[in-house]
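**Student:** Predicted model and sequence below, questions to follow.
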Amino acid sequence: MNEETSGQATGILPAKTLQAKASEAYVAQSRDTREQEWITSHLPLVRHVVQKIASSLRRRPDYEELISAGTLGLVKAARAYDPGKHAEFATYAYIRIRGAVLDELRGRSFTSPAANRSVQKVREAYALFHAAQGRPPCDEELAAQAGMTVARLYQTLEDARRRHFLSIHSLSEDHPELGALLTADETDSPAPQAERRELLERLTRAIQAMPERDRTLILLYYERDLTMKEIAEVLNVTESRVSQMHAGALFRLSMKLGGAS
C-alpha cells in the first residue's frame, strides 16, 4: 500500500498533500498580508485624489461618499494587482481610485440647462472662429465670438470642466475617451494596444502644439501631480486664475482632439 492509499484508508492526508496545502495557505496568507500593507500605506492617496477632483467642482460634493468610493477602488486595486503585469502599485492604485471616484460622480448633474447651453455656445463659437481665421481664438476673441464677457467665458469653461470632468484622465462621452491612455493595458489583444498608441500619439502632438502657458500648466497638473495651489505658486498667479487657465487649456485640448484643431 503506497503513501497516498494508506492516507486515504486512515483518513490522514499524505505528507506531499499536506505540504502542498500548507504551501498554498502560506502563499494566500502572504498575499493577504501584502494586500493589507498596500491598502494601509496608500490610504492617503485616496484623500489626495478626492481633493484634486473635488477642486474642479463648484458645488462641493460629499467628501465621505467620495472617500468611501475611492477606498473601495483602492481595495479592488490591491486584490487585482499583478506585479508581473501592471505598473508599480502606486500608479495602478491611483488609476483605480480615480476611476472609482469619477464613477461615483458621473451620475450626478453639476450644471444647469442654461449653463449647458452656454458651453455649447462657446464650442460653436470656437469652431466658427477657427473655420474663418484658420487658427484657434485667444480668450478675448472667443468671448467676443460667443457674445459674452471674458469673465463669463471663464465661468462657462469651468462649467464645461465640471460638466464633463474634462481632463486628460477622462473627457466627456461626446469626445475622445482618454482614460485608457493613462491606464495599464490589461489585455494582450493587439487591436486595443494599437488604438491606445494612436490616441496617445494624438494627445502628445496636441499637447506639444499648445501655447507654452497651457502646456506648462497641463504638465504641472498631470505629470508632476501638483495641486492648483502649488501651480499658482509656481506661476506666481492666484489659485482662482490657475483654475481658469486650467479650464481653458482643457477646453482647447478637447476641441483640438475633437477635430477643431
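**Tutor:** Done, it's in. Residues are numbered from 1 along each chain as shown.
**Student:** C-alpha only now, for contacts and for neighbours.
**Tutor:** OK.
**Student:** which residues in the chain form helices?
**Tutor:** According to DSSP state H, the chain carries its helices in the segments 3-10, 15-41, 43-54, 63-80, 89-106, 113-133, 139-146, 150-164, 190-208, 212-218, 228-235, 239-257.
**Student:** can you redo those helices as JSON lines with mean pLDDT?
**Tutor:** Formatted as JSON lines, the helices of the chain follow (pLDDT from 0 to 100):
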{"stretch": "helix 3-10", "mean pLDDT": "50"}
{"stretch": "helix 15-41", "mean pLDDT": "66"}
{"stretch": "helix 43-54", "mean pLDDT": "86"}
{"stretch": "helix 63-80", "mean pLDDT": "88"}
{"stretch": "helix 89-106", "mean pLDDT": "83"}
{"stretch": "helix 113-133", "mean pLDDT": "89"}
{"stretch": "helix 139-146", "mean pLDDT": "94"}
{"stretch": "helix 150-164", "mean pLDDT": "81"}
{"stretch": "helix 190-208", "mean pLDDT": "68"}
{"stretch": "helix 212-218", "mean pLDDT": "87"}
{"stretch": "helix 228-235", "mean pLDDT": "88"}
{"stretch": "helix 239-257", "mean pLDDT": "85"}
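**Student:** Export these as JSON lines, with columns for mean neighbour count.
**Tutor:** Output for the helices of the chain, formatted as JSON lines (neighbours: other CA atoms under 10 Å):
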{"stretch": "helix 3-10", "mean neighbour count": "12"}
{"stretch": "helix 15-41", "mean neighbour count": "13"}
{"stretch": "helix 43-54", "mean neighbour count": "18"}
{"stretch": "helix 63-80", "mean neighbour count": "20"}
{"stretch": "helix 89-106", "mean neighbour count": "19"}
{"stretch": "helix 113-133", "mean neighbour count": "16"}
{"stretch": "helix 139-146", "mean neighbour count": "18"}
{"stretch": "helix 150-164", "mean neighbour count": "21"}
{"stretch": "helix 190-208", "mean neighbour count": "14"}
{"stretch": "helix 212-218", "mean neighbour count": "17"}
{"stretch": "helix 228-235", "mean neighbour count": "16"}
{"stretch": "helix 239-257", "mean neighbour count": "20"}
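**Student:** Okay, domains of the chain per the record?
**Tutor:** The chain is divided into the following domains under automatic domain parsing: 13-106, 113-257.
**Student:** what's the first-to-last distance across the longest one?
**Tutor:** Meaning domain 113-257. Domain 113-257 has an end-to-end distance of 25 Å (criterion: CA to CA, to the nearest Å).
**Student:** Likewise for stretch 225-244?
**Tutor:** This stretch, stretch 225-244, spans 18 Å end to end (CA to CA).
**Student:** With stretch 53-68 instead?
**Tutor:** Stretch 53-68 has an end-to-end distance of 14 Å (criterion: CA to CA).
**Student:** Burial check on residue 211, number of neighbours?
**Tutor:** By other CA atoms under 10 Å, the residues close to residue 211 number 10.
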